[in-house]
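# predicted structure and sequence below. I'll ask about it afterward.
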Protein chains: 4
Amino acid sequence: MALNRGTLETIKVNRVHGKIALEEAVGSSYFVAHGTYPPTPMILGMQGTLPPYNQSFLHDIDDRLDDIPKRLKSMGASGIEYAIVSLTCPGIEGVLNADEAVRLAKLTNDDIYEKYVKAHPTRFGFFACVPMQKPEEAAKELDRAVTVLGAKGVLINGFTNMDEKDLSKVQYLDDPRCEPFWKKSSELNVPLYLHPRIPPFGQQRIYEKYPNLSQAAYGFGVETAGHTLRIMCSGVFDRYPNVQLILGHCAESLPFLAHRIDHRMAIGEAGGNGPYKKSIMHYLQNNIIATLAGVRRESTMRNTIDEMGEARVLFSVDYPYESNEDAADWFDGMQLNENTRAAVARGNASKTFGLI
Amino acid sequence: MALNRGTLETIKVNRVHGKIALEEAVGSSYFVAHGTYPPTPMILGMQGTLPPYNQSFLHDIDDRLDDIPKRLKSMGASGIEYAIVSLTCPGIEGVLNADEAVRLAKLTNDDIYEKYVKAHPTRFGFFACVPMQKPEEAAKELDRAVTVLGAKGVLINGFTNMDEKDLSKVQYLDDPRCEPFWKKSSELNVPLYLHPRIPPFGQQRIYEKYPNLSQAAYGFGVETAGHTLRIMCSGVFDRYPNVQLILGHCAESLPFLAHRIDHRMAIGEAGGNGPYKKSIMHYLQNNIIATLAGVRRESTMRNTIDEMGEARVLFSVDYPYESNEDAADWFDGMQLNENTRAAVARGNASKTFGLI
Amino acid sequence: MALNRGTLETIKVNRVHGKIALEEAVGSSYFVAHGTYPPTPMILGMQGTLPPYNQSFLHDIDDRLDDIPKRLKSMGASGIEYAIVSLTCPGIEGVLNADEAVRLAKLTNDDIYEKYVKAHPTRFGFFACVPMQKPEEAAKELDRAVTVLGAKGVLINGFTNMDEKDLSKVQYLDDPRCEPFWKKSSELNVPLYLHPRIPPFGQQRIYEKYPNLSQAAYGFGVETAGHTLRIMCSGVFDRYPNVQLILGHCAESLPFLAHRIDHRMAIGEAGGNGPYKKSIMHYLQNNIIATLAGVRRESTMRNTIDEMGEARVLFSVDYPYESNEDAADWFDGMQLNENTRAAVARGNASKTFGLI
Amino acid sequence: MALNRGTLETIKVNRVHGKIALEEAVGSSYFVAHGTYPPTPMILGMQGTLPPYNQSFLHDIDDRLDDIPKRLKSMGASGIEYAIVSLTCPGIEGVLNADEAVRLAKLTNDDIYEKYVKAHPTRFGFFACVPMQKPEEAAKELDRAVTVLGAKGVLINGFTNMDEKDLSKVQYLDDPRCEPFWKKSSELNVPLYLHPRIPPFGQQRIYEKYPNLSQAAYGFGVETAGHTLRIMCSGVFDRYPNVQLILGHCAESLPFLAHRIDHRMAIGEAGGNGPYKKSIMHYLQNNIIATLAGVRRESTMRNTIDEMGEARVLFSVDYPYESNEDAADWFDGMQLNENTRAAVARGNASKTFGLI
């Protein structure tokens, strides 16, 4: 006989109440209309590559993205007191016409503010969306969203489409054109959540027979980690050392990799890999905030805390793509000391966003 | 005043002798001649994308790849008793003509066997190279290398070029054409070291201004992790459950990511991501062996041991691309219990390769 | 609002079947008769210091110690396939008359063998008890128990009473009189489980108002760790390097402390702390096996594995003083890699005791 | 051949400057005179049990306890910017005459204030000593030391002798007589460092042949952990929830043990182990601060951080009993993320003691 998994047992866990979550997706009136609303295949920027997700999953997402009572009920059952919501992927970044992006960003911010924050001020905050197609306009809209609507920061879904005809023309945040946006972020001193977006280029090709690999299962993380490394190497964090970038999924494996990345960058010619002044590890520990969105594994969380310190790791879910209840069962049931749990569940977010 | 790094201090560490290393690159008579020999830019399969590594690094590699006395001296100073060497990247996999690949693989295996194993049987073993351009031939050469020359297994540098004219035509190991090779590997019951190769496709494009990111610093790991995931999803490990794949760099971040990959693969339609039967985590824990090659960070190693168990993690260096002495200083100086250290440094390799 | 624990939630865990447990207490026909049977206050060696345990706990123990069908049912529900049972504390060690101890040890070993091992050979093994009051006799009885009855080793409940009149006259296992016993243990190559016993001396006095502190909650561990340190310092493991001592409760905090103990022993005059040749850490990593008996905390287990290696840590429960089901819920539900889980749950015990 | 330790290698580590240390012993003019000054055998309360420490160690301590230039030089070489010093063990607690204790405490506080704090305000703070023989006087002296001399808190060397004739008459801090002292500590909101003292009772007897075991190597930790558990069980932290107790040596193994202690306390009759309201783990996470004094082992530190959170673990040395340089080599060389390192090295102490 050998060791094997058998019967399913029921165990008990005490729910932790008062948690704060910050990678929480919502739709908006405007994005349904424009057809870029998941879970229906997103026309713009997605190139029809959405993998064959199972239908019950898609319908459940569809059902939950805009259902506020259901969301609040699920938050209640999961001990999530407060959620910072944001427009779901690909959002504004996938709008091909730049002027339309400017217009839709404003309308969407107003819409989310009204439905969530104004209606439920003790339960919801929001991250603004901004039209990075026109970085000066993005800076302006960020200013308005933060100062007028009380946005807690901004969320950007990876790269931005920059050409109505050529979907391969995209802009990453290390692009020099983005400077006005970074300047404004630094002035306002609000964080930027960098959310994954389906990778645009050849990367999917290597996963052709296993489509999920190029999406949430693996490719999203690579896309976002790569994007973050570009930002780091571009020197943004040297020019604006107070800027904080929030990454989901325990910082997309950068805690595991940062030491080696620095080590191997060092074999390049000085300056040959961008004008950055410090180290990838330095930026990771000073300019990155990691959330647990999408992670339910202790060793991954420990590696993240080990490399970033417990003050830079924050609970999150990624509702409705992930289940609030499942995330809470995992997080609340872990044998974690209560000081670290309180910091990760609530205290770090309270400090970062000036919540009470 | 604040905390800061200042003066450089000298501390002492006792060298651990008797270590075994297994991602250790060598050249061969044949590969110099064919111009695919690093560190000079590799014509075949590299597409001129070698980043601007600094010249002293390149010259040092050039100097060390074939210098056996220097290698032995460095091994001695580092406490490495035994190294399993293998032809450096891209090797046979980058040979565009299939028949030439078949011919060169045999010559190279004989050459490495003569120079290293026969000449220094107590210090060197080797991983064979095989012409995956013709998988039946690869199976044959693997058989010969193992049974006649005593090869400890095989090392493959990622994808294989399959067309003399079109460099984008490549074959990954999940390709159905590779079946004869897997069948033979399983029969011979020897492991396959899957070594990174410079990614061929669009992936580099997103790192254009930071070339090292697409190479050893980050892209290599993504390429190899992606390749491994393809192999897993293809069901190879269901068909040949005894096959062991060795990955460097603490299994290329898969310990950090495997739980989430499984979680997100589950939202796909059943079977929509390949015919695999078990889970990515299962394969990681049953069919993958991780080496420390290129890793000098405790938390990364701990995450790897946490997810794979200490019996599946093996010391290695990646000499001469990495320094034996530096790797040993790190490994020998860590506050690791001596049982785990002995397993990782020597015991696990002894068992895997039937060494005494 | 702040973070707080609220509603009780139910989560699911898959039971792991096939576990082996080895700190599992039973009574015997002879020990009931002699009144040293817990949970009724043990006359001999306990000095009336049993703290006011709650009555339902005591009755439950009383009920379970000798109820084999209930034990098997509980093992089944907990995924414990095989248990190595042993006479409950204080057992033979608390028998004041030496000849009576010799007589009772034999009878008890025969009794336990008959009821457990012979009757249920696939479910039970046993650790012999031995009369350390007469170490030559202990050696003889160990030999008989191992070679005739198939005992898997021996379990000793701490110090042994050595005088019918003076309860303070006790013998620890570092006593030179014990040499014949150690010699025989080494020859037979079977492990010794060192089980806590209620500390005999002044130690309880400092906990007078908090009696449990001097018992299972804290004092037991101190007593057993101190006893183990005495054995280490006495040089037993230098004279018999193959001897293996099994300690419960994650080796009674020695993994946490060993480094510091060695560090501070070094300020003594050479040889002033016993004739031992190596280090406390060396013995911990070479002569100690830790069980999880009584531990249900991941960080404690991790510290133990970190300092001893995963091959020296074994699952156990301490039934009926602990609940099989609760121990299994914790162990089976932990996010531990399955290789380490299999080693700790079964593989390490299989190797140590030659089970199949 | 097998794995073995051989040649001694030299590696480099960057010194971290700006550290704060807080278990740093000094002598005083008055304690030399009274003969309770280590390392010469301390008459009072030590009962001649000082183990045979080696002479060079004792002379070195003797040399360093009062040599301020040597101390400052060593702090400089070790990157320790600021030390909170305190009278070395057994100090006031070992003064048998209560009135003399009252008198000496004042003189000593003035003396240490003058020599260290007033003379070197940027390098030294101090913990007051107080005459617990008369708790009301202790409260008064604590008030004076904090409000007049700027003491950062108080340090107490374990139990206090309470009878000139009977050395076994001692008072632990859970004694109801200590209430005025706890009340004052809570009002002043300054922490209490609980320092080990040589155990007074029978405990040493079990280590008779291995004297160091009953001292710094093991017994000190047991004594101080036991003392802390008494304080916890007495309900002090329920009555004064803001009181913070500082423990050296990674909280004397309580992080490893707290979960099990709570688990086994639960089998007692309700209230049978003291009137405490919460749990040992709760007090550990809310009322205990751990220092690294005397610890140079990563896994021990990790277990402590795992159970207490990184905000409750503080660097310290225990100079001159430990080497500043060795402690710094270990701490500065560890592969710890720089945020956690900064918190442990300096930030947590800055917050706790209101330093800039």
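Thanks, I have it. Numbers count the residues shown, from 1 in each chain, chains lettered A, B, ... in the order given.
# now do the strands in the stretch 51-200 of chain A.
A:80-87, A:124-128, A:153-156, A:160-161, A:170-171, A:192-194 (DSSP state E, counting those that start in this stretch).
# mean pLDDT, distance to chain C and mean neighbour count for the ones you listed - can I get that in CSV?
From N, CA and C alone the C-beta is placed, and that goes for glycine too. Formatted as CSV, the strands of the stretch 51-200 of chain A follow (pLDDT from 0 to 100; distance: least, Cβ to the nearest Cβ, whole Å; neighbours: other Cβ atoms under 10 Å in any protein chain shown):
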stretch, mean pLDDT, distance to chain C, mean neighbour count
strand A:80-87, 97, 6, 26
strand A:124-128, 98, 15, 26
strand A:153-156, 98, 22, 27
strand A:160-161, 92, 37, 28
strand A:170-171, 92, 37, 18
strand A:192-194, 98, 22, 23
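# closest to chain B out of these?
Across these, chain B has its closest neighbour in strand A:170-171 (9.1 Å, Cβ to the nearest Cβ).
# partners of the closest one in the sheet?
Here strand A:170-171 has these sheet partners by DSSP bridges: strand A:160-161 (antiparallel).
# so can I have CSV of the strands of the stretch 51-200 of chain A showing distance to C:V313?
Compiled in CSV, the strands of the stretch 51-200 of chain A are given as follows (distance: least, Cβ to Cβ, whole Å):
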stretch, distance to C:V313
strand A:80-87, 36
strand A:124-128, 45
strand A:153-156, 44
strand A:160-161, 51
strand A:170-171, 51
strand A:192-194, 41
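# nearest to D:R312, out of those strands?
D:R312 sits nearest to strand A:80-87 of all these, at 25.0 Å, using Cβ to Cβ.
# please enumerate the strands of the stretch 201-350 of chain A.
Listed in chain order, the strands of the stretch 201-350 of chain A (DSSP E, counting those that start in this stretch) span A:245-247, A:288-291, A:313-314.
# now those strands as CSV including mean pLDDT and distance to D:N324?
As requested, these are exported to CSV (pLDDT from 0 to 100; distance: least, Cβ to Cβ, whole Å):
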stretch, mean pLDDT, distance to D:N324
strand A:245-247, 98, 38
strand A:288-291, 98, 34
strand A:313-314, 98, 32
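# quick check: which of these is nearest to chain B?
Judging these by Cβ to the nearest Cβ, what sits closest to chain B is strand A:288-291, at 12.0 Å.
# buried residues in that closest one?
Residues of strand A:288-291 classed as buried by neighbour count (16 or more other Cβ atoms under 10 Å in any protein chain shown): A:288-291.
# cool, and stretch A:167-174?
Buried residues in stretch A:167-174, defined by neighbour count with 16+ other Cβ under 10 Å: A:167, A:170-174.
# nearest residue to A:E338 other than its sequence neighbours?
D:Q285 (5.3 Å; Cβ to Cβ, 6 or more residues apart in numbering or on different chains).
# err, A:V26, not the other one
In this structure, A:V26 finds its nearest non-sequential neighbour in A:V85, 4.6 Å apart by Cβ to Cβ, 6+ apart.
# tell me how far that neighbour lies from chain D.
Using Cβ to the nearest Cβ, to the nearest Å, we find A:V85 at a distance of 28 Å from chain D.
# OK, contacts around that residue?
A:V85 makes contacts with A:24-26, A:112, A:116, A:124-127, as judged by Cβ atoms under 8 Å, 6 or more residues apart in numbering or on different chains.
# who does it form a beta bridge with?
On the basis of DSSP bridges, A:V85 is bridged to A:E24, A:F126.
# and it, how far from A:N242?
Distance, A:V85 to A:N242, by Cβ to Cβ, to the nearest Å: 25 Å.
# where does pLDDT dip in chain A?
Filtered on pLDDT under 70, chain A yields the residue ranges A:1, A:32-52, A:199-207, A:356.
# so which residue is dead centre in it?
The geometric centre of chain A, computed from its C-alpha atoms, lies nearest to A:H195 (Cα atoms, centre = their mean), at 3.3 Å.
# for it, which non-adjacent residue is spatially closest?
Sequence neighbours aside, A:N157 is the residue nearest to A:H195 in space, at 4.8 Å (criterion: Cβ to Cβ, 6+ apart).
# check contacts around the one you found.
Applying Cβ under 8 Å, 6+ apart to A:N157 gives the contacts A:89-94, A:195-197.
# most widely separated two among the residues you listed?
Greatest spacing in the contacts of A:N157, by Cβ to Cβ: A:I92 and A:P196 (15.2 Å).
# neighbour-wise, which of these two wins?
Neighbour count, other Cβ atoms under 10 Å in any protein chain shown: between A:I92 and A:P196, A:I92 has more, with 30 against 24.
# you'd agree that one is up against A:F127?
No: between A:I92 and A:F127 there is no contact under Cβ atoms under 8 Å: 11.8 Å.
# correct me, but A:F256 touches A:R302?
No: A:F256 lies out of contact with A:R302 (Cβ under 8 Å); the separation is 11.1 Å.
# the residue nearest to A:E338: neighbouring residues, count only.
22.
# for it, what are its contacts?
When contacts are counted by Cβ under 8 Å, 6+ apart, D:Q285 touches A:337-339, D:307-309, D:312.
# between the residues you listed, which sits nearest A:G79?
Lowest distance from A:G79 to the contacts of D:Q285 (Cβ to Cβ) belongs to A:E338, with 14.0 Å.
# the closest one: neighbour count?
Residues lying near A:E338 (other Cβ under 10 Å) number 19.
# check A:R144 too.
17.
# enumerate the residues of the stretch 251-356 of chain A near chain C.
When proximity is defined as Cβ under 8 Å from any Cβ of the partner chain, the stretch 251-356 of chain A approaches chain C at A:297-299, A:328-329, A:332-333, A:335, A:341-342, A:345-347.
# make a markdown table out of those residues and add neighbour count and distance to chain D.
Converted to a markdown table, those look like this (neighbours: other Cβ atoms under 10 Å in any protein chain shown; distance: Cβ to the nearest Cβ, whole Å):
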| residue | neighbour count | distance to chain D |
| --- | --- | --- |
| A:R297 | 24 | 16 |
| A:E298 | 19 | 11 |
| A:S299 | 19 | 13 |
| A:A328 | 27 | 20 |
| A:D329 | 19 | 21 |
| A:D332 | 22 | 16 |
| A:G333 | 19 | 15 |
| A:Q335 | 19 | 8 |
| A:R341 | 22 | 9 |
| A:A342 | 21 | 8 |
| A:A345 | 28 | 12 |
| A:R346 | 24 | 14 |
| A:G347 | 22 | 10 |
